[in-house]
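> sequence unavailable; structure follows:
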Ligand code: UTP
């Protein structure tokens with residue numbers, strides 16, 4: 001453990017002496033905890049973070065071009081499905097869920113994955129994900145390891161949710177939890193902030209933190225030992241996601257892609273989703289706000305938007321690519337946020353307006369490094385309805401509505417029928433599986 005003198009020295013060398021300003025009034029246990037936090041700070045990262053606070057000139061860039069996006073034809077689907085099913089049956093596929101976020105917009109007291117979303121059963125988001133993994137493993141008679149990234153803010157509660165529900169039927173040895181990194185927030189002078197006299201404020205380092213966390217926690221090595229070739233990546237908030245969609249996995253393999261992305265047609269030119277673009281041979285993800293109004297609203301001769309598709313973080317990565325990327329540094333993104341802090345008199349202040357910079361890494365920043373990228377269009381009504389907000393758009397209510405509409409379609413009843421419906425994904429993961437069961441309502 002670092003001593004007080006060592007901590008003082010390293011903080012002074014980095015212009016962060018204020019971290020110890022309450023030292024004299026701390027109890028021995030508090031001192032120990034603070035020293036341990038200081039010891040785990042990544043000072044080179046802190047230097048990068050402070051550098052970002054300085055104004056910098058925007059580098060002029062080529063105009064973005066929309067990439068080629070594959071749409072399924074029956075022939076292509078059948079071919080890809082055969083390959084993907086073989087990959088699954090041979091145990092080459094892992095599932096990776098990022099669930100370390102704070103879910104602040106939803107405002108639920110607990111990990112977002114524990115939020116009850118089942119329209120009839122109130123089963124949590126985790127249930128729908130886990131039961132799909134179970135369905136795949138049963139159908140293809142193979143192990144499908146399920147890696148779940150948590151963060152210090154929700155790790156214990158996430159594990160407890162799985163334990164309480166007996167892992168939703170999955171073999172516990174194939175559910176691997178790993179914890180992402182945390183980063184401090186900086187005030188406008190680039191100083192690390194304390195949220196208690198004995199505690200540095202920390203928050204999860206973004207879904208891009210997956211890469212370092214996978215490597216650091218031995219998950220990449222575990223995947224290699226299991227013979228994994230493709231990793232299906234998704235977010236916790238969308239219970240409609242088709243996890244490790246066999247045809248998507250197959251197309252990724254056929255195309256020898258390093259990253260594959262499922263893209264959805266945007267609702268309107270200004271929908272707040274990321275967009276895959278190309279500049280020369282290089283792919284990247286941009287926000288719609290990075291397009292000019294002309295670019296955002298540009299249309300092709302058939303009336304479609306030129307930048308028609310958005311990304312909703314449904315990806316397949318090749319394991320070798322993630323291994324390569326985990327050795328690199330992803331860029332940091334700044335967000336101005338409200339961060340509680342200790343005033344000099346020791347009181348805790350909850351600011352009414354943004355007072356700090358938080359830093360996050362984004363997973364899609366690996367895109368420019370990918371040599372082969374596959375973009376595949378998917379149908380929003382079948383696969384995407386996230387729980388982001390407490391009410392309104394992308395809320396529990398809209399999600400339950402969309403889930404039931406989909407299941408009614410599967411069951412062959414009118415979408416707007418008042419008949420309540422819920423289907424356990426381990427019973428039927430797709431419309432075809434439901435038909436195979438011979439369900440008649
Ligand atoms: P969001 O950007 O929607 O953030 O995360 P969030 O934390 O869930 O919700 P808000 O913005 O606070 O309301 C997209 C996905 O990335 C994961 C989330 O758990 C979610 O599955 N994520 C986000 C992480 O795993 N770690 C992070 O540091 C941030």
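All right, it came through fine. On a predicted model such as this, the values are computed, not experimentally measured, just so you know. Numbering: from 1, shown residues only.

> what strands line up against the helix or strand hosting residue 94, and which way round?
Assigning secondary structure by DSSP states H and E places residue 94 in strand 93-98. Counting by DSSP bridges, the strands paired with strand 93-98 are strand 146-150 (parallel), strand 230-235 (parallel).

> ok, is it in contact with the ligand or not?
Yes. Residues of strand 93-98 are located near the ligand by Cβ under 6 Å from any ligand atom, namely residue 98. Using the backbone N, CA and C atoms, a C-beta is placed for each residue, glycine as well.

> now do that strand, average pLDDT.
In this model, strand 93-98 has a mean pLDDT of 99.

> what's next to the next helix or strand after it, contact-wise?
Per DSSP H and E, the first helix or strand lying C-terminal to strand 93-98 is helix 125-139. With contact meaning Cβ atoms under 8 Å, 6 or more residues apart in numbering, helix 125-139 is reached by 88, 93, 95, 97, 99, 112-115, 117-118, 143-144, 146, 158, 161-162, 165, 167-170, 174-175, 234, 236-237, 239, 241-244, 246, 387, 424-426, 428-429, 433.

> and helix 125-139, does that touch the ligand?
No. Contact of helix 125-139 with the ligand (Cβ under 6 Å from any ligand atom) is absent, the minimum separation being 9.4 Å.

> which parts of that helix are buried?
125-137, 139 (16 or more other Cβ atoms under 10 Å).

> cool, and stretch 334-348?
Here stretch 334-348 shows 339-342 as buried, counting by 16+ other Cβ under 10 Å.

> now do the end-to-end distance for that stretch.
24 Å (Cα to Cα, to the nearest Å).

> again with stretch 243-262
One end of stretch 243-262 sits 12 Å from the other (Cα to Cα).

> one more: stretch 92-108?
35 Å.

> and that stretch, how far out from the chain middle?
5 Å (Cα atoms, centre = their mean, to the nearest Å).

> on that earlier part again, widest-spaced pair of the buried residues of stretch 334-348?
339 and 342 (11.1 Å; Cβ to Cβ).

> shared neighbours, those two?
Common neighbours of residue 339 and residue 342 (Cβ under 8 Å, 6+ apart) are residue 195.

> now the buried residues of helix 125-139 as TSV including pLDDT?
TSV is the format used below for the buried residues of helix 125-139 (pLDDT from 0 to 100):
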residue	pLDDT
125	98
126	99
127	98
128	98
129	99
130	99
131	98
132	98
133	99
134	98
135	98
136	98
137	98
139	97
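
> the ligand is nearest to which of the strands paired with strand 93-98?
The ligand lies closest to strand 230-235 among these, at 3.5 Å (Cβ to the nearest ligand atom).

> now do the closest one and helix 125-139, the angle between them.
160 degrees (axes from the mean of the first three to the mean of the last three Cα atoms, to 10 degrees).

> now strand 230-235: mean pLDDT?
Per-residue scores along strand 230-235 average to 98.

> give me the residues contacting that strand.
87, 92-99, 129, 147, 207, 210, 223, 241, 243-245, 248-249, 252-253, 312-319, 322, 363, 386.

> buried stuff in stretch 171-190?
For stretch 171-190, by 16+ other Cβ under 10 Å, it's 174-186, 190.

> helix or strand right after the helix or strand hosting residue 316?
Using DSSP H and E, residue 316 sits in strand 309-318. With elements assigned by DSSP H and E, the helix or strand that comes after strand 309-318 is helix 319-326.

> can you list contacts of that next one?
By Cβ under 8 Å, 6+ apart, helix 319-326 touches 94, 211-212, 214-215, 220, 223-224, 228-231, 258-259, 366, 369-370.

> try 6 Å
Residues outside helix 319-326 that contact it (Cβ atoms under 6 Å, 6 or more residues apart in numbering): 211, 215, 220, 223, 228-229, 231, 258, 366.

> what does this protein put close to the ligand?
Going by Cβ under 6 Å from any ligand atom, the residues of the chain near the ligand are 98-106, 112, 149, 151, 180, 204-207, 209, 235-237, 388.

> confidence score at the residue in the chain that the ligand sits nearest to?
Scanning the chain for the residue nearest the ligand gives residue 101, at 2.3 Å (criterion: Cβ to the nearest ligand atom). Note for residue 101: predicted pLDDT of 96.

> burial of it, as a residue count?
As a burial measure, residue 101 scores 25 neighbours (other Cβ atoms under 10 Å).
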